[in-house]
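> Okay, structure incoming, though there's no sequence with it:
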């Protein structure tokens with residue numbers, strides 16, 4: 001669980017991390033995300049390794065830039081390292097999270113170059 005400020009113009013929540021290749025995990029491996037108790041959806045990962053997932057925000061009703069939103073990540077399954085022979089760790093583990101961030105709508109205009117010309121015709 002993490003608390004973030006989510007502005008009304010936010011497009012998505014991005015979650016980055018990695019899924020270990022332990023024998024108790026089945027693939028595709030599913031990860032759900034919730035914001036303030038409301039599901040943002042579910043994404044599937046084809047195999048172990050690093051991932052970066054984006055969960056789109058459907059409308060601006062979720063956001064109040066003066067308050068923090070609670071983001072919860074729900075992995076499909078867990079493991080105990082000592083029970084699966086990985087190490088002596090007795091903790092219940094799942095995925096490793098590296099980052100959870102808000103993706104905003106760009107505020108600066110993007111100039112695209114098409115065949116040597118910018119979108120403004122120059």
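Received it, and whenever you're ready, just let me know what you need. From a predicted model like this one, the values you see are computed outputs, not experimental measurements.
> show me where this protein has helices.
When assigned using DSSP state H, the helices of the chain occupy the ranges 81-84.
> Taking the centroid of it, which residue is nearest it?
Using C-alpha atoms, centre = their mean, the residue of the chain that lies closest to the mean C-alpha position is residue 15, 2.0 Å off.
> which ones are touching the residue lying closest to residue 20 once chain neighbours are set aside?
Distances taken as C-beta to C-beta, 6 or more residues apart in numbering put residue 48 closest to residue 20, at 6.0 Å, once the chain neighbours are dropped. Yep, even glycine has a C-beta here, placed from its N, CA and C like the rest. Counting by C-beta atoms under 8 Å, 6 or more residues apart in numbering, residue 48 touches 18, 19, 20, 21, 25, 27, 29.
> quick one: pLDDT of the third one?
So that's residue 20. In the prediction, the pLDDT value recorded for residue 20 is 94.
> Next, find the distance separating the nearest residue to residue 17 once chain neighbours are set aside from residue 87.
Counting by C-beta to C-beta, 6+ apart, residue 17 lies nearest to residue 97, which is 4.3 Å off, once chain neighbours are set aside. Using C-beta to C-beta, to the nearest Å, residue 97 is found at 19 Å from residue 87.
> in the sheet, who's paired with residue 17?
For residue 17, the beta-bridge partners are residue 51, residue 97 (DSSP bridges).
> Could you check how many residues crowd around it?
18 (other C-beta atoms under 10 Å).
> What of residue 41?
Neighbourhood size, residue 41 [other C-beta under 10 Å]: 14.
> Also residue 71?
A total of 21 residues lie near residue 71 under the criterion other C-beta under 10 Å.
> Now do the contacts for it.
If you count contacts by C-beta under 8 Å, 6+ apart, residue 71 has them with 1, 2, 3, 4, 13, 33, 34, 35, 100.
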